[in-house]
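A.B. asks: Requesting a structural model of the entry that follows:
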Amino acid sequence: MSRIGRKPIDGPSGVDVKINGNHITVKGPKGTLERDFHKDMSVVLDGSVINVNRPSEDKEHKSLHGLTRTLIANMVEGVTNGFSKELEINGVGYRAAKQGKDLVMNLGYSHQVICPEIDGITIDVPSPNKVVISGPDKQKVGQFAAEVREKRPPEPYKGKGIKYAGEYIQRKEGKAGKGKK
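C.D. replies: Residues are numbered from 1 along each chain as shown. A predicted model of the protein is given here:
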């Protein structure tokens, strides 16, 4: 048995879970999430506890078992607490600001880089060098954070660019570090 797949998911109070065949809807204080799952996986709701079962010991069913359980657990976690990614902007003159619903960044280009806020995602700029992206859907939050980071990824010589908070950037020595012959 899959260790992750067989763990029950506790639905906290205030979270409404509806299962209709292989379609699940989770509603909570942070929003509503819906998802379709593989037809072979059976999702059972016992009171406030959700269990995921698989029909056989096939390799595909074993893979889907843990995946389905994790996706449902992330949905429940997202509608109760939400997810967030923190980005740091490093570099002289590099900064971010929020104008209306858009994230406007100066990243050393001849123009400003503008990222519009999408549904289900909130952008917060607590300081000019910090951007916090949050929302109930873990996949959307991670994807949007990756798209913002892609605008100017950190470079290995000085570390200038956009990086995740806590991300380690492996540095290179550069030309001056090369030994003389």
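A.B. asks: Can you list the buried residues in stretch 163-180?
C.D. replies: Residues K163 are the ones in stretch 163-180 that count as buried (16 or more other C-beta atoms under 10 Å). No exception for glycine: its C-beta is placed from N, CA and C like everyone else's.
A.B. asks: quick check: mean pLDDT across it?
C.D. replies: What stretch 163-180 shows for mean pLDDT is 85.
A.B. asks: Need the residues that contact it.
C.D. replies: By C-beta atoms under 8 Å, 6 or more residues apart in numbering, the surrounding residues in contact with stretch 163-180 are 85-88, 90, 130, 145, 149, 153-154, 156-157, 159.
A.B. asks: now, the most widely separated pair of those?
C.D. replies: K85 and Y157 (25.0 Å; C-beta to C-beta).
A.B. asks: So for those two, which sits in the more crowded spot?
C.D. replies: Using other C-beta atoms under 10 Å as the criterion, K85 and Y157 rank with K85 on top: 20 against 12.
A.B. asks: longest helix anywhere in this protein?
C.D. replies: Counting residues, the longest helix found in the chain (DSSP state H) is helix 59-80.
A.B. asks: Which secondary structure state is assigned to I118?
C.D. replies: Here I118 is recorded as coil under DSSP: H, G, I helix; E, B strand; the rest coil.
A.B. asks: Surely it is in contact with F144?
C.D. replies: Yes: under the criterion of C-beta atoms under 8 Å, I118 makes contact with F144 at 6.5 Å.
A.B. asks: Of the two, which one has the most company?
C.D. replies: In terms of neighbours (other C-beta under 10 Å), F144 is the more surrounded of I118 and F144; the figures are 22 against 14.
A.B. asks: tell me the mean pLDDT over stretch 111-129?
C.D. replies: pLDDT averaged over stretch 111-129 gives 94.
A.B. asks: K85: helix or strand, and which one exactly?
C.D. replies: Here K85, judged by DSSP states H and E, is contained in strand 83-90.
A.B. asks: quick one: that strand to helix 59-80, angle?
C.D. replies: Relative orientation of strand 83-90 and helix 59-80, computed by axes from the mean of the first three to the mean of the last three C-alpha atoms, to 10 degrees: 80 degrees.
A.B. asks: No more questions from me, cheers.
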